[in-house]
Structures are given as structure tokens and as C-alpha cells.
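Undergrad: Here is a sequence with its predicted model. Questions after.
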Amino acid sequence: VRAAAERARTRGALARRGDFYWPAGMKQPPLRDRSRTGPRDAELIPPEELEGALALVVRKEYRIARDELIRRAARLLGFGRTGAKLRQVFAEALEALRARGEVALEAGVVVAAEAPAPSPRPRSARAQPG
């Protein structure tokens with residue numbers, strides 16, 4: 001299988017990122033629900049897919065406790081439980097997002113880098129005495 005994938009890579013049909021092969025030109029891999037395919041070894045999940053699940057949850061929540069983020073991202077990928085190995089690969093993916101500036105970690109809370117600023121309170125329409 002690896003030899004066939006390498007031939008496809010040299011022809012430009014596949015791209016290799018680390019230990020994983022992707023269709024050439026694919027920017028973000030799909031987030032696959034593994035609940036129907038049975039348990040998967042945590043090390044066999046591409047980092048890009050883990051990062052994508054984490055980023056999706058953080059973008060939705062803007063601020064979320066680190067442990068809850070990992071739990072929700074794991075659910076997106078179809079995992080019912082987050083054992084030590086799965087938590088570890090998600091922690092590594094979260095660190096990659098932090099290193100690229102896509103998220104920040106503040107006292108155990110993950111914050112989206114592009115979190116919107118709080119909107120100012122609307123001013124009252126009434127005239128202020130002056």
C-alpha cells in the first residue's frame with residue numbers, strides 16, 4: 001500500500017504530510033465520525049483531523065475549558081470516551097494550534113484567537129442633561 005501511495009505522490013495525485021497521505025490540493029481533511037467504524041487507535045488519526053475538530057469547537061464556543069474542548073472534539077470524531085492516548089494526541093494537536101497562534105490558553109481555558117471583541121453597550125436614546 002505504501003509503495004502505491006508513494007507512486008501516486010510522485011505523480012502528483014497525493015500529498016504526504018508526516019505519516020499520512022492526502023489527496024493533492026486538499027486544504028483541510030474532513031472530520032470523520034469513527035463511531036460506525038469501531039474504535040481506532042489514537043496514533044492513527046491524522047493531526048490535521050484532530051486540529052480541525054478542536055478548531056471547530058473553539059470557533060463555536062470562543063472560550064472553553066481545555067478538558068471540555070478535548071471531550072467535545074473527541075465526540076465530533078465519534079469517540080465515546082477519551083482515554084489517556086486519545087487525550088494525549090488531542091493535547092499535541094492543541095499545542096500545534098497554540099504554536100500557530102490560532103488559539104490561546106489562559107488558566108486552563110482555550111480561547112479562539114479570532115474571538116470577537118465584546119460589542120459596546122448601546123447608548124440610551126434619551127438626551128443626557130448637560
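TA: Received it, and whenever you're ready, just let me know what you need.
Undergrad: would you list every one of the helices in the protein?
TA: 2-10, 47-61, 66-76, 84-99 (DSSP state H).
Undergrad: Low-confidence ranges, this protein, go.
TA: 38-39, 114-130 (pLDDT under 70).
Undergrad: what about 90?
TA: The chain contains residues with pLDDT under 90 at 1-2, 5-6, 9-45, 80-82, 113-130.
Undergrad: for the helices of the chain, which one sits closest to residue 21?
TA: When the helices of the chain are compared by Cβ to Cβ, helix 2-10 sits nearest residue 21, at 4.7 Å. Bear in mind the C-beta positions are built from the backbone N, C-alpha and C, glycine included.
Undergrad: Can you point out the buried residues in the closest one?
TA: residue 8 (16 or more other Cβ atoms under 10 Å).
Undergrad: dump the residue contacts of the closest residue in space to residue 42 that isn't next to it in sequence.
TA: Spatial nearest neighbour of residue 42, chain neighbours left out: residue 85 (4.1 Å); criterion: Cβ to Cβ, 6 or more residues apart in numbering. Residues near residue 85 by Cβ atoms under 8 Å, 6 or more residues apart in numbering: 41-43.
Undergrad: I'd like the distance from residue 85 to residue 18, if you could.
TA: Plainly put, residue 85 is 17 Å away from residue 18 if you go by Cβ to Cβ, to the nearest Å.
Undergrad: If we only consider the contacts of residue 85, which is nearest to residue 78?
TA: Residue 78 lies nearest to residue 42 out of the contacts of residue 85, by Cβ to Cβ, at 12.8 Å.
Undergrad: What subset of the contacts of residue 85 is buried?
TA: Applying 16+ other Cβ under 10 Å to those flags residue 42 as buried.
Undergrad: possible to save the contacts of residue 85 as TSV with distance to residue 59?
TA: Below are the contacts of residue 85 laid out as TSV (distance: Cβ to Cβ, whole Å):
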residue	distance to residue 59
41	27
42	23
43	26
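Undergrad: isn't residue 77 right next to residue 34, touching?
TA: Yes - applying Cβ atoms under 8 Å as the test, residue 77 and residue 34 come out as touching, 5.7 Å apart.
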